[in-house]
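In: my questions are about this predicted structure, shown below with the sequence.
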Amino acid sequence: MKQGTTILTLDNGYHLWTHTEGKGNIQLLCLHGGPGGNHEYYENFAEKLADLGVQVSMYDQLGSWYSDQPDFTKQENIDKFLNMDYFIDEVEEVRQKLGLDNFYLIGQSWGGILTQEYALKYPEHLKGIIISSMTDNIDEYVENINAIREKEFSDDELEFMKKCEAENDYANTCYQKLIDALNRGYVDRKQPPAISHLTDTMATPVYNYFQGDNEFVVTGKMKGWDRRQDIHKINVPTLITYGEHETMPLATAKRMASVIPHARLETTPNGGHHHMIDNAPVYFAHLKKFLQDVENNTFSE
């Protein structure tokens, strides 16, 4: 496979930024979160997995950072691209255009939704999947983030937050300070300078449409997403990874690991939603063991 950066021209005419690093027979395709995030937290994966012989491919999804960004003020673009089916089939088109088969698919957060959906729709191409920091339904996620807010804040602070949300006053400075506190505790615990920017890299129109204003409210189209009745159909080896201090409920991860036929759950101490950054040594130890076990036919749940 071609190393370095490749700009893919999709069948719809738009372009995606992709990047491949690493040499070996194990192929790993990475799906970023958001929705509307970018590839950056996968940039060290090839280095970390080099001793296993892993080729790591990553890309920015349509609308995200280095890839084309359709005009989402146009309803025709919203209808065509801002839906789950589009992004699932985009994964398949990227797979085809990069020449991947019998490969591993990893997805973090929103990427974990796409990983589950892809495994249900296109299982024949997969050797294994990794679901990082994602539930199989949104309702339990919402219950958990509400519980986190109740744990972390006083009644007055909670009342203030709910008032801001009811009035759509998300830009309120005091409200944002409370959200920042939650982000430091449960999303980006390490606050890495390597992925801090002078400009915002989030594809806000995509994020707002699917998620809402921030990680601790779900008002967008992801609301109501639920695959609880279907994940038992995922038959490829599956690794589920969660941070110890996570926006996602650990109880859900345990249930998922018990329902998916060939699944293993690993948690990362001192890790939040981005536990591959918060505690990289433990995260990569779990990931490498999973890949080695599947490759050696020694994987067990």
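Out: Good, I have the coordinates. Residues are numbered from 1 along each chain as shown.

In: can you give me the helices in the protein?
Out: Counting by DSSP state H, the chain has helices at residues 45-48, 75-81, 84-98, 110-121, 138-152, 155-166, 173-186, 204-210, 250-259, 275-278, 280-295.

In: show me where pLDDT drops low in the stretch 151-300 of the chain?
Out: 194-195, 198 (pLDDT under 70).

In: what's the closest non-adjacent residue to the spatially most central residue of the chain?
Out: Centroid-nearest residue in the chain, with CA atoms, centre = their mean: Q108, separated by 2.3 Å. Spatial nearest neighbour of Q108, excluding adjacent residues (CB to CB, 6 or more residues apart in numbering): S132 at 4.2 Å. To be clear about C-beta, it is placed using only N, CA and C from the backbone, and glycine gets the same treatment.

In: and that neighbour, how many neighbours does it have?
Out: 30 (other CB atoms under 10 Å).

In: run through the residues that contact it.
Out: S132 is in contact with I106, G107, Q108, S109, G111, G112, I240, T241, Y242, H275, M276, counting by CB atoms under 8 Å, 6 or more residues apart in numbering.

In: make JSON lines from those and add distance to E43 to it.
Out: Output for those, formatted as JSON lines (distance: CB to CB, whole Å):
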{"residue": "I106", "distance to E43": "14"}
{"residue": "G107", "distance to E43": "16"}
{"residue": "Q108", "distance to E43": "13"}
{"residue": "S109", "distance to E43": "17"}
{"residue": "G111", "distance to E43": "15"}
{"residue": "G112", "distance to E43": "19"}
{"residue": "I240", "distance to E43": "23"}
{"residue": "T241", "distance to E43": "18"}
{"residue": "Y242", "distance to E43": "22"}
{"residue": "H275", "distance to E43": "16"}
{"residue": "M276", "distance to E43": "11"}
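
In: which among those residues count as buried?
Out: I106, G107, Q108, S109, G111, G112, I240, T241, Y242, H275, M276 (16 or more other CB atoms under 10 Å).

In: show me what the closest residue to the first one other than its chain neighbours bridges to in the sheet.
Out: Spatial nearest neighbour of I106, chain neighbours left out: I130 (4.0 Å); criterion: CB to CB, 6+ apart. The partner list for I130 in beta bridges (DSSP bridges) reads I106, L239.

In: surely I130 touches L239?
Out: Yes: in terms of CB atoms under 8 Å, I130 counts as a neighbour of L239; the distance is 4.6 Å.

In: quick check: neighbours shared by these two?
Out: L287, F290.

In: which of the helices of the chain sits closest to L10?
Out: helix 84-98 (6.1 Å; CB to CB).

In: in the closest one, what's buried?
Out: F87, I88, E90, V91, V94, R95, K97, L98.

In: what's the answer for stretch 161-177, then?
Out: M161, C164, E165, Y170, N172, Y175.

In: still on that earlier bit, now render the buried residues of helix 84-98 as TSV, adding pLDDT and distance to E152.
Out: Below are the buried residues of helix 84-98 laid out as TSV (pLDDT from 0 to 100; distance: CB to CB, whole Å):
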residue	pLDDT	distance to E152
F87	98	32
I88	98	34
E90	98	36
V91	98	35
V94	98	38
R95	98	40
K97	97	44
L98	97	42
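
In: CA atoms of stretch 82-102 as CSV?
Out: The C-alpha coordinates for stretch 82-102 follow below in CSV (Å, rounded to 0.1, in the frame of the first residue of the first chain):
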residue,chain,number,x,y,z
LEU,A,82,-25.3,14.3,7.3
ASN,A,83,-26.8,10.9,8.0
MET,A,84,-25.5,7.6,9.4
ASP,A,85,-25.8,5.7,6.1
TYR,A,86,-23.5,8.1,4.3
PHE,A,87,-20.7,7.8,6.8
ILE,A,88,-20.9,4.0,7.0
ASP,A,89,-20.7,3.7,3.2
GLU,A,90,-17.9,6.3,3.2
VAL,A,91,-15.9,3.8,5.3
GLU,A,92,-16.5,1.1,2.8
GLU,A,93,-15.5,3.4,-0.1
VAL,A,94,-12.3,4.4,1.7
ARG,A,95,-11.6,0.7,2.3
GLN,A,96,-12.0,-0.1,-1.4
LYS,A,97,-9.9,2.9,-2.6
LEU,A,98,-7.1,2.1,-0.2
GLY,A,99,-7.2,-1.6,-1.1
LEU,A,100,-7.9,-2.9,2.4
ASP,A,101,-9.3,-6.4,3.0
ASN,A,102,-9.2,-8.8,6.0
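
In: cool, thanks, talk later.
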